[in-house]
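>>> what follows is a protein structure lacking sequence information:
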């Protein structure tokens with residue numbers, strides 16, 4: 001289990017943390033202070049303009065079917081990040097040092113300088129797409145009328161750090177996640193849920209946008225939940 005909030009002896013939270021609705025993150029699930037759960041799905045992109053007219057129509061129809069199949073709310077989030085070119089520059093530097101041919105070494109060095117200068121003068125951004133999937137105890141189909149009325153209170157008590165219903169609600173949450181992955185896969189878009197560490201990184205970067213550059217959280221192109229692009 002990973003906690004987003006640090007422990008302190010006084011038991012009080014910092015001034016900014018009291019405005020964050022996240023209570024903890026564990027097993028790839030965000031637990032809100034209300035007891036509601038959230039999963040975050042990373043979604044790949046596709047170049048719609050390069051598709052033929054028939055392919056575009058098929059994608060639109062599949063996306064319409066995806067939206068019509070939802071019987072629960074979702075949130076679509078787009079995150080823009082400055083592209084981090086440092087790993088690629090490091091790779092080129094290694095190639096320069098290992099290259100024995102003087103001409104090739106010079107060409108690689110010049111290419112590295114060109115790429116570095118290009119990224120310095122241009123604000124190259126990468127976009128990441130996410131679908132946030134919710135679940136709360138008030139949606140539990142097995143709960144009775146009183147349970148639904150007291151859903152928020154019940155959720156806080158039963159989904160907390162040692163809540164007995166966490167696994168049950170988590171299973172229902174990931175049923176929704178699997179549905180979204182399958183439906184988007186039919187439209188040619190890959191989707192994969194983020195793990196605990198990846199969610200923490202995403203939230204930290206979201207609350208500290210000036211402290212990070214782009215880092216690929218997960219290679220969505222390698223997953224097999226849907227057809228590749």
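Perfect, I can see it now. From a predicted model like this one, the values you see are computed outputs, not experimental measurements. Residues are numbered from 1 along each chain as shown.
>>> what's the biggest strand by length in the chain in contact with?
Criterion DSSP state E: the longest strand present in the chain is strand 125-135. Strand 125-135 has contacts (CB atoms under 8 Å, 6 or more residues apart in numbering) with 36-45, 72-83, 169, 172-173, 176-177, 180, 184, 191, 194, 202, 214, 217. Bear in mind the C-beta positions are built from the backbone N, C-alpha and C, glycine included.
>>> mind listing what's buried along it?
By neighbour count with 16 or more other CB atoms under 10 Å, strand 125-135 contains the buried residues 128, 129, 130, 131, 133, 134, 135.
>>> now for the helix or strand in which residue 110 is found, which elements pack on it?
Secondary structure from DSSP states H and E places residue 110 in helix 102-121. Packing partners of helix 102-121 (3 or more CB pairs under 8 Å, 6 or more residues apart in numbering; DSSP states H and E): helix 86-98.
>>> angle of the helix it packs on against helix 102-121?
Relative orientation of helix 86-98 and helix 102-121, computed by axes from the mean of the first three to the mean of the last three CA atoms, to 10 degrees: 160 degrees.
>>> who does the residue sitting nearest the centre point of the chain bridge with?
With distances taken as CA atoms, centre = their mean, residue 42 lies nearest the centre of the chain, 4.1 Å away. Beta-bridge partners for residue 42, by DSSP bridges, are residue 130, residue 192.
>>> I'd say it and residue 195 touch.
No. Counting by CB atoms under 8 Å, residue 42 does not reach residue 195; the two are 10.3 Å apart.
>>> I'd like the distance from the longest strand of the chain to the chain centre, please.
5 Å (CA atoms, centre = their mean, to the nearest Å).
>>> so how far is residue 24 from residue 61?
Distance, residue 61 to residue 24, by CB to CB, to the nearest Å: 40 Å.
>>> and if you look at residue 187?
33 Å.
>>> how's the protein carved up into domains?
The chain is divided into the following domains under automatic domain parsing: 17-81+127-222, 84-123.
>>> now render those as TSV, adding mean pLDDT.
Converted to TSV, those look like this (pLDDT from 0 to 100):
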stretch	mean pLDDT
domain 17-81+127-222	80
domain 84-123	87
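>>> okay, those, which one's buried deepest?
domain 17-81+127-222 (a mean of 16; mean count of other CB atoms under 10 Å).
>>> the closest residue in space to residue 85 that isn't next to it in sequence and residue 72: what is the separation?
Spatial nearest neighbour of residue 85, chain neighbours left out: residue 119 (4.8 Å); criterion: CB to CB, 6 or more residues apart in numbering. The gap separating residue 119 from residue 72 is 41 Å, by CB to CB.
>>> just to revisit the earlier point, does the residue nearest to residue 85 touch residue 86 like I think?
No. Residue 119 sits out of contact with residue 86 when judged by CB under 8 Å, with a separation of 9.3 Å.
>>> hmm, residue 122 and residue 82 touching each other?
No. When contacts are counted by CB under 8 Å, residue 82 is not listed as touching residue 122 (10.4 Å).
>>> please give the element, helix or strand, for residue 84.
Per DSSP H and E, there is no helix or strand for residue 84.
>>> also residue 66?
Going by DSSP H and E, residue 66 is part of helix 53-69.
>>> any chance you could list what contacts that helix?
46, 48, 51, 179, 180, 183, 184, 186, 187, 188.
>>> now do the helix or strand following it: distance to the chain's middle.
Moving toward the C-terminus from helix 53-69, the next helix or strand (DSSP H and E) is strand 75-82. In terms of CA atoms, centre = their mean, the centre of strand 75-82 is set 9 Å apart from its chain centre.
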